[in-house]
Structures are given as C-alpha cells and as structure tokens.
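Asks: here's my sequence, what's the structure:
(one chain, ligands or ions: 1)
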Amino acid sequence: MIAEAIKGTSGNVRIFDRLLRHRIALVREENAVAREAIALSTQGEREFREHFYGTFAAQRPETDAPVNMPLLNTLARDVQDWTGRNMGRVTVTLDRRLRARIEDEYQTVTGTLFQILPHPFEEKTQAQWAQIAARLGIYRPLPEENYKEILDNPDMWDGYHWRERLEDAKDGVFLKAKHNLARSMAGGESMPQAWRRFQEVLDGVTLTAELVAKTEIQRVSNEIAERVYQANSDVVTGESVVATLDERCCLICAADDRKEFALDDPDKPIFPRHPRCRCFYAPMTRFWERLGVDPPEGTRAGWWADKDGELHRKQVPANMNFSQWLEKQPAAFQRSYLGPSRYEAYRKGDYSLKGFVNDGKIIPLKKLSMN
Ligand SMILES: [Zn+2]
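Replies: The predicted structure follows:
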C-alpha cells in the first residue's frame with residue numbers, strides 16, 4: 001500500500017513536470033502559428049499597395065476638390081475583398097492547425113495520465129499499456145463529436161466564434177478604409193500619407209488574426225485536456241491552476257496560481273481567461289488525495305530577475321506558487337510588475353498578491369486602502 005502510494009506520488013510529480021515541459025513547447029507552437037497567421041494576413045500587401053497607388057493617382061482629385069465618393073467606394077471595396085481573401089486563408093490554416101493541436105493534446109494528456117500507473121510501465125509494450133489503461137479506465141478515446149464541438153465552441157468572452165471574429169475584422173475594414181481615405185482626400189495628403197492611414201486599418205486586421213491564432217491554440221488545448229480529465233474522473237479528482245512565472249502573467253491569474261479546484265466545481269475559472277492567457281490546469285490524481293500530502297519535490301520553470309532586472313530561466317520547486325515566487329524577486333522587479341502604488345502597499349505589508357484581486361477582478365487602485 002505504502003509502496004504503491006509512493007510510486008503514485010512520484011507519478012504525480014512526473015505528470016506535472018511533463019505537462020509543464022509540454023506547455024513551454026506549446027507557447028512556441030502558439031508563436032509559430034501566430035507568425036503564420038500574420039504572414040497570411042499581410043500576404044500580397046506590396047501588390048495591393050501598387051494597386052492602391054495606381055487607382056488613387058489615376059483619379060486623384062485636386063486638393064480643393066470635393067471628396068471623390070466613387071473612388072472611395074471602389075478602393076474601400078477592393079481592400080475589403082483583398083482582406084477577405086487573406087482572412088479566408090487564415091481561417092483554413094487555423095482550422096487545420098487547431099485540429100492537429102486537438103489531436104496532439106489528446107495524445108499528450110492521455111499519455112501523461114499513464115504516468116500515474118503504479119507500474120514500471122516504461123518496460124511494457126504498447127499493447128500492455130492499453131490493457132492496463134483499460135483496466136484502470138484511463139485513455140478512453142473521446143467520441144469524434146468532441147473534436148467538432150471544440151473547434152466550433154464560441155469563445156468564452158462574448159459568444160463570438162473565432163471564425164466570426166476573423167469575419168468581423170474583415171467587415172470592419174470597409175468602413176474604416178472609407179473613413180481614412182476621405183480624411184486623406186479632404187486633407188490633400190500625399191500618397192505615402194494616405195497609404196500609411198490605410199496600413200493602420202490593415203494592421204488592425206492582422207493584429208486580430210494574431211490574437212485569434214494565439215488564443216485559440218491555448219483554448220482548444222485546454223478544452224481537450226478538460227475533457228480528458230472529465231472522462232477519467234475516476235482517476236483525476238481535481239485540477240490545479242498553473243500560471244507562468246514571468247512578468248507577462250496578469251495579476252488575476254498570478255493570484256490563482258496553484259489554486260486547487262474539484263473537477264466538478266462550477267465556479268472554477270476557465271482558461272484562457274483573457275487573450276494571450278497561458279494558464280492551464282494540471283490534473284490532481286487519487287494518489288495525492290490518498291496520501292493527504294502536498295505535491296512533493298520536483299521543479300517548474302520560472303524566470304528569475306537578477307540585480308539588474310534581467311530575467312533568466314531557472315527551475316524552482318514545483319510547489320512554489322506565484323506569490324512565493326514574487327517574494328523572492330528583487331524589489332525593482334516587484335515594483336515594475338505591480339506598479340508603484342500596489343508595490344508600496346505590498347512592501348509595507350498592507351496587501352499580499354492575492355489581496356489585489358477580489359472575485360476574479362483586479363481591485364482598482366482608488367479602492368485600495370493605503371495607510
Ligand atoms: Zn492566465
């Protein structure tokens with residue numbers, strides 16, 4: 001019994017460790033997909049600029065002439081068509097990348113759950129694994145509809161589906177382009193000035209494509225992991241929030257780092273909580289629970305500020321949470337992370353990191369009672 005429990009404990013450490021390493025790779029993948037979306041969104045921009053210059057120059061009104069409405073409409077429609085084609089490419093690519101991501105996450109999470117098996121399973125064959133897993137009820141294949149549901153689920157923020165978000169970015173271009181062109185003409189701007197205004201509109205679309213790509217990669221990964229945990233609720237009994245120990249982690253997520261939730265808790269936060277959120281849940285298995293102990297030794301990656309404020313990657317104890325991590329950072333880092341007012345309250349001991357967040361929201365500065 002004890003021997004089994006100990007193996008189970010070290011199994012949990014290995015799960016945690018493996019998922020953390022997997023998530024670091026996932027952020028790299030997220031960046032690669034975002035770069036791809038940016039490239040597709042800006043595809044042919046130079047060609048379009050030539051078209052723009054040509055059309056604009058051919059019909060350019062005199063500085064004091066009234067704004068040329070037909071020209072406005074033509075160019076705005078052209079840019080909308082062009083953006084539509086590029087967004088179509090982003091959608092197709094993202095759809096393919098997300099499907100692959102779901103598949104990969106499923107393999108990773110189920111494969112990771114294998115690690116809690118109290119057996120020297122590394123020596124076993126694939127077929128033996130499958131037998132053990134079946135006996136314990138792990139590695140249950142998810143029904144096919146899960147894939148479709150995950151791809152088609154609306155974002156949790158406002159009911160937008162990611163494809164709709166890209167559509168919306170494209171549709172908004174027409175009016176914005178018209179508005180900017182009208183200002184160029186009315187102001188008698190030079191061609192490069194007019195193009196610069198245009199470019200700003202297009203950059204907005206590209207930024208949307210990038211944000212959607214990054215956030216969706218995280219969302220589908222988290223959704224599939226959650227479904228695997230739920231499907232294996234006889235083994236996985238809870239989840240623990242894992243935030244990233246660096247300066248980009250938002251205060252709300254930082255306050256929740258390593259917080260534990262029951263698998264069926266209806267109030268647990270859903271990640272990504274906001275665009276660019278990188279948080280996820282690590283599973284807690286029955287073995288931990290049976291032992292009644294904290295997660296033992298093991299490490300997680302964090303960044304560490306040196307005395308010049310420069311961040312270096314460093315392994316820290318697995319059970320160190322964000323607040324404990326922040327306490328160990330130099331004052332200059334704490335100050336830049338929290339901002340001057342929160343830092344003052346934190347330094348004087350009026351507030352802990354968790355004290356800055358209430359009910360999932362950051363407490364506004366003016367509501368903090370400073371002594
Ligand atoms: Zn987060």
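Asks: just give the number of residues close to Arg46.
Replies: Residues contacting Arg46 under the criterion other C-beta atoms under 10 Å number 9. Any C-beta I mention is one placed from the backbone N, CA and C, and that applies to glycine too.
Asks: which other helices and strands does the helix or strand hosting it contact?
Replies: Secondary structure from DSSP states H and E places Arg46 in helix 45-58. Using 3 or more C-beta pairs under 8 Å, 6 or more residues apart in numbering; DSSP states H and E, the elements in contact with helix 45-58 are helix 69-113, helix 191-231.
Asks: of the ones you listed, flag the one that's most buried.
Replies: For the helices and strands packed on helix 45-58, average neighbour numbers computed from mean count of other C-beta atoms under 10 Å are highest in helix 191-231, which has a mean of 20.
Asks: which residue sits closest to Arg18 in space, ignoring its chain neighbours?
Replies: Leaving aside its sequence neighbours, Arg18 sits nearest to Thr112 (C-beta to C-beta, 6 or more residues apart in numbering; 5.1 Å).
Asks: surely that neighbour and Arg21 touch.
Replies: No - using C-beta atoms under 8 Å, Thr112 is not in contact with Arg21; the gap is 10.3 Å.
Asks: on that earlier part again, which of the helices and strands packed on helix 45-58 sits closest to Ser352?
Replies: Closest approach to Ser352 among the helices and strands packed on helix 45-58 (C-beta to C-beta): helix 191-231, 27.2 Å.
Asks: how far off helix 69-113 does that closest one point, in degrees?
Replies: With axes from the mean of the first three to the mean of the last three C-alpha atoms, to 10 degrees applied, the angle from helix 191-231 to helix 69-113 works out at 30 degrees.
Asks: which SSE is immediately downstream of helix 191-231?
Replies: strand 236-242.
Asks: packing partners of that following strand?
Replies: helix 2-41, strand 260-262, strand 280-285, helix 286-291.
Asks: least confident of those, on average?
Replies: Lowest mean pLDDT of the helices and strands packed on strand 236-242: helix 286-291, a mean of 48.
Asks: mind checking how far whichever helix or strand comes after it is from the chain centre?
Replies: Sequence-wise, the next helix or strand downstream of helix 286-291 (DSSP H and E) is strand 299-305. Centroid separation for strand 299-305 versus its chain: 19 Å, with C-alpha atoms, centre = their mean, to the nearest Å.
Asks: strand 299-305 to strand 280-285, inter-axis angle?
Replies: 150 degrees.
Asks: mean confidence for strand 299-305?
Replies: pLDDT averaged over strand 299-305 gives 77.
Asks: send me that strand as PDB with only the CA atoms.
Replies: What follows is strand 299-305, C-alpha atoms only, in PDB (Å, rounded to 0.1, in the frame of the first residue of the first chain):
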ATOM      1  CA  THR A 299      10.500  21.600 -10.200                       C
ATOM      2  CA  ARG A 300       8.800  24.000 -12.500                       C
ATOM      3  CA  ALA A 301      10.300  26.600 -14.800                       C
ATOM      4  CA  GLY A 302      10.200  30.200 -13.800                       C
ATOM      5  CA  TRP A 303      12.100  33.300 -14.700                       C
ATOM      6  CA  TRP A 304      14.400  34.900 -12.200                       C
ATOM      7  CA  ALA A 305      15.300  38.600 -12.200                       C
END
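Asks: tell me what it is packed against?
Replies: Applying 3+ C-beta pairs under 8 Å, 6+ apart, we find strand 299-305 packed against helix 2-41, strand 311-317.
Asks: quick one: closest of these to the ion.
Replies: helix 2-41 (11.8 Å; C-beta to the ion).
Asks: next, the angle from the closest one to helix 191-231.
Replies: With the same axes, to 10 degrees applied, the angle from helix 2-41 to helix 191-231 works out at 160 degrees.
Asks: what packs against helix 2-41?
Replies: helix 69-113, helix 191-231, strand 236-242, strand 280-285, helix 286-291, strand 299-305.
Asks: and these, which one is worst for confidence?
Replies: Among these, helix 286-291 carries the lowest mean pLDDT, at a mean of 48.
Asks: please name the nearest non-neighbouring residue to Val27.
Replies: Once flanking residues are discounted, Val27 sits nearest to Arg278: 6.1 Å by C-beta to C-beta, 6+ apart.
Asks: isn't that neighbour right up against Leu245?
Replies: No - look at Arg278 against Leu245 with C-beta under 8 Å: they stay out of range, at 10.9 Å.
Asks: for the ion, what are the nearby residues on the chain?
Replies: Cys253, Arg273, Cys277, Cys279 (C-beta under 5 Å from the ion).
Asks: mind listing what the last one touches?
Replies: By C-beta atoms under 8 Å, 6 or more residues apart in numbering, the contact set of Cys279 is Val241, Val242, Ala243, Thr244, Cys253, Asp256, Phe271, Pro272, Arg273.
Asks: closest to Phe16 out of those residues?
Replies: When the contacts of Cys279 are ranked by distance to Phe16 (C-beta to C-beta), Val242 comes first, at 8.1 Å.
Asks: that closest one and Phe322: what is the separation?
Replies: To Phe322, Val242 is 10 Å away according to C-beta to C-beta, to the nearest Å.
Asks: so what's in contact with these two at the same time?
Replies: With contacts taken as C-beta under 8 Å, 6+ apart, Val242 and Phe322 have Asp257, Arg258 as neighbours in common.
Asks: how's the protein carved up into domains?
Replies: Following automatic domain parsing, one finds the domains of the chain at 2-238, 297-371.
Asks: and those domains: which comes nearest Phe261?
Replies: domain 2-238 (6.2 Å).
Asks: which of the helices and strands packed on strand 299-305 sits most buried?
Replies: helix 2-41 (a mean of 17).
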